[in-house]
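**Student:** Show me how the following folds:
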Amino acid sequence: MKYQWGLGSIFGGPALAAVLMLAMGSWVRAQNCFTVSPSNLQINFANVAVGTRSAQVQPITITNVSCPSSITITTFSLSPGEFQLDYGFAPLTIYKGHGMQYGISFVPDSAQNFQGTFTVTVQGYSPVVVTLSGAGFTTGAATSISPSSLTFTNLRVGNRHFPQTVTYTNTGTSPLQVKSVYAEPPFSIEGFTQPVVLQPGHSLPVQVEFLPTYVGSYTGALVMTSDVLPPKTVPLTATAIATTPLSITTFPVLPSGTAGFAYLTTLLAAGGTAPYSWSLATGANLPQGLSLSSSGTITGTMSAGTQVGNHRVTVEVTDSSTPPNTTTSVLSLPVAAPNGAECNNIIFDVPGTNNPIVPINDLGAGYYQGAEGGLYLNGSNIMPASHDADGVNFAQSIQPLDANGNPDPNGKIGLLSVGLSVTFDTFGQFIQAGVGDPSLNSHLVFVPGAQPRLGAPYFANPGGAGWSAIMDYFLPQSGVTANQVQAVWFEDIDAGPNGTFPGDMTTLESQYISIAQNLHTFFPNLKLAYFSTRFYSGYSNGLPVSPDPETYAYETGFAVQAVIQDQINGDPALNYNPASGPVLAPWIAWGPYDWANGMLARSDGLVWPCSDFEPNGTHLVDAAKQAEASILLNFFKTTDTTLPWFLVPTQSLAHRARPFRPRKGR
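**Tutor:** Presented below is the predicted three-dimensional model:
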């Protein structure tokens, strides 16, 4: 399986350019009226192990400092293939005070020194040439992981169970550094807190625990990364059954709070006799400013002096039986320092009311500003049977293809991402989790086509720069041709509100239709496209730059809903069936729907704490990217239209677990 795992997110503008330049510790060199960073026009990558990717993406920034009106980047080029483009596009017009950034990574394929160039052509000026260098080396480290998968069967919700151990062993002749080990709730790990050097012959045991909060089936992944080898992934599956005794089912780590800002979470219990009454155990205290109601809700505004770190608190719940039963649980409430985002925006209301916005999947047959909820028709979250059957038929027809698009048992199945920066971030982390996952189809190749700054209008235009970056760089770098792309995950919106609801969503819907048609044109063997909308964006509201604030970010879900309904209703512009006329689009369905109203928990427990976000309130920190990527990976592992081609064929039936979105508590 080929892979890419460049991470990060970039939005243009002079403020960001200045920060990046200062962070690089370099001055910029004036070339006429624009500047280039790095100032010495050289990038040197540290030694990188063959078969891996440089840990850092190196930026090259072009900034229009004093050009009278604008400058235009017409083309760029990058060679040789060991130096790869992570983000950046052309053509692009750059107005005074703004800039464009290109991200470059080093991916050596042999143990030698490499020299390369990155050339940018600015109309009317001499080309800008940045020289690149890097050295590849062959590591003597090698690893094994045992067992290759873990299963937890029929464990009761709210109860702690004996953990299972995964052992990561260096079987090679040189050391390696284990950089990260992570799994997302309701799975948790013990035995790793910081990077560890693993000498040859030594092992790192990691304990994995399953802490279910709901009855049902679960999937997850334990991901282990190192400095010189690709990631290793252990697939996790589990089932949880109802508990009879009274139990506290809240995940032991509560959603994170921010010192000096508002907080909200609701505790959960099961078993015994409802209703329940909650209280703090004798001697227990919450951070100053917070209180626990008898209904189980922790609310308030934390004191600005609240100590950053994990606060342990013991809570107890009493049921209504005679005599009453009482049980306790020790919970951890992480408290983060203020990050610059608007962390008091933990809930958004429907405009003009005091009613909190309800996620589309929970809204069901209810209405938001006159628009009915539900992911699909008539307020339902269930795909119509006929549309689902068509999707399954397409999924079953997906097979490895050669470069020309012909069936080939040694061919490839390309899964492409298309979208803007948040899509870029999630898909990069998704690749990291998927690349070492033995349960995935070995013919599957991930192609990261999303990149920062490319809103929906760029992809709605068939001549948009985003398409040329995909065709000229991202596909070849992944070893895939356009003929081998058979599935797409798409998540994109306009960069900022344009008008008012629902008229602005009509505009976005039209762009989505054009994008679907462009996907069909560029990728002739594309069969399936999964559309998602972005997660919560309320923490950016009120900041100087808020590209997709609330309630706009929420409302974009109705544009995705509309375009899927258009196709189901037989819109000729979205036809995928040759018997119904010209085929103009792939089959389209919802991908993961990950919007939740800040700290107000969705019915499945999903929340978005402010500490999940960077200071811009728009992009996620690495830990939250891991959680978001886990939701995406779970979607592809559990959906009937992805199972036939995403998983190893013999495992497709075994992984038909009900999709579950874990409570986000860190």
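**Student:** for the top helix by length along the chain, which positions count as buried?
**Tutor:** Longest helix in the chain by number of residues (criterion: DSSP state H): helix 503-522. Within helix 503-522, the residues that count as buried by 16 or more other C-beta atoms under 10 Å are 504-505, 507-520, 522. In short, each C-beta sits where N, CA and C put it, glycine included.
**Student:** could I have that helix exported to PDB, CA atoms only?
**Tutor:** This file holds the C-alpha atoms of helix 503-522, laid out as PDB (Å, rounded to 0.1, in the frame of the first residue of the first chain):
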ATOM      1  CA  GLY A 503     -30.100  31.100  -0.300                       C
ATOM      2  CA  ASP A 504     -26.300  30.700   0.300                       C
ATOM      3  CA  MET A 505     -26.800  26.900   0.600                       C
ATOM      4  CA  THR A 506     -28.500  26.900  -2.800                       C
ATOM      5  CA  THR A 507     -25.300  28.500  -4.200                       C
ATOM      6  CA  LEU A 508     -23.200  25.800  -2.400                       C
ATOM      7  CA  GLU A 509     -25.500  23.100  -3.700                       C
ATOM      8  CA  SER A 510     -24.900  24.300  -7.200                       C
ATOM      9  CA  GLN A 511     -21.100  24.200  -6.700                       C
ATOM     10  CA  TYR A 512     -21.400  20.600  -5.300                       C
ATOM     11  CA  ILE A 513     -23.200  19.500  -8.400                       C
ATOM     12  CA  SER A 514     -20.500  21.000 -10.600                       C
ATOM     13  CA  ILE A 515     -17.900  19.300  -8.500                       C
ATOM     14  CA  ALA A 516     -19.600  15.900  -8.800                       C
ATOM     15  CA  GLN A 517     -19.600  16.400 -12.600                       C
ATOM     16  CA  ASN A 518     -15.900  17.300 -12.600                       C
ATOM     17  CA  LEU A 519     -15.100  14.200 -10.600                       C
ATOM     18  CA  HIS A 520     -16.800  12.100 -13.200                       C
ATOM     19  CA  THR A 521     -14.900  13.900 -16.000                       C
ATOM     20  CA  PHE A 522     -11.500  13.700 -14.500                       C
END
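**Student:** Which strands or helices does it pack on?
**Tutor:** helix 456-460, strand 485-491, strand 528-532, helix 552-568 (3 or more C-beta pairs under 8 Å, 6 or more residues apart in numbering; DSSP states H and E).
**Student:** which residues does the closest residue to S79 other than its chain neighbours form a beta bridge with?
**Tutor:** Using C-beta to C-beta, 6 or more residues apart in numbering and skipping residues adjacent in sequence, the residue nearest S79 is G116, 5.8 Å away. Under DSSP bridges, the beta-bridge partners of G116 are L132.
**Student:** count of neighbours near G116?
**Tutor:** Using other C-beta atoms under 10 Å, G116 has 19 other residues around it.
**Student:** Please report the distance of the residue lying closest to S66 once chain neighbours are set aside from T119.
**Tutor:** Leaving aside its sequence neighbours, S66 sits nearest to C33 (C-beta to C-beta, 6+ apart; 4.4 Å). C33 sits 20 Å away from T119, going by C-beta to C-beta, to the nearest Å.
**Student:** Contacts only, for the residue nearest to S79.
**Tutor:** L78, S79, P80, E82, F83, T131, L132, S133, G134 (C-beta atoms under 8 Å, 6 or more residues apart in numbering).
**Student:** just the strands in the stretch 201-350 of the chain please.
**Tutor:** Assigned by DSSP state E, counting those that start in this stretch, the strands in the stretch 201-350 of the chain fall at 203-210, 216-226, 232-241, 247-248, 257-258, 262-266, 269-270, 277-280, 290-292, 297-301, 309-318, 326-336.
**Student:** Quick one: mean pLDDT over stretch 389-404.
**Tutor:** Average pLDDT, stretch 389-404: 98.
**Student:** What are the contacting residues of that stretch?
**Tutor:** Applying C-beta under 8 Å, 6+ apart, the set of residues contacting stretch 389-404 is 383, 407-413, 443, 481, 483-484, 486-487, 525, 527-528, 576-577, 587, 589, 640-645.
**Student:** Low-confidence stretches in the stretch 151-300 of the chain?
**Tutor:** Applying pLDDT under 70 to the stretch 151-300 of the chain flags no residue at all.
**Student:** Could you do the chain as well?
**Tutor:** 1-31, 495-498, 651-666.
**Student:** From the centre of it outward, give me the first residue you hit.
**Tutor:** T426 (2.3 Å; C-alpha atoms, centre = their mean).
**Student:** Relative to D388, how far out is that residue?
**Tutor:** 25 Å.
**Student:** can you pull out the strands in the stretch 551-666 of the chain?
**Tutor:** 587-590.
**Student:** got the residue ranges for the helices in it?
**Tutor:** 552-568, 622-638, 643-646 (DSSP state H, counting those that start in this stretch).
**Student:** that older thread, which among the contacts of G116 end up buried?
**Tutor:** Buried among the contacts of G116 by 16+ other C-beta under 10 Å: L78, E82, F83, L132, G134.
**Student:** pretty sure the third one contacts G134?
**Tutor:** Yes: F83 lies in contact with G134 (C-beta atoms under 8 Å); the separation is 7.3 Å.
**Student:** which residues do those two both contact?
**Tutor:** F106, F114, G116.
**Student:** Could you chop the protein up by domain?
**Tutor:** The chain breaks down into these domains under automatic domain parsing: 14-137, 143-241, 247-336, 390-598.
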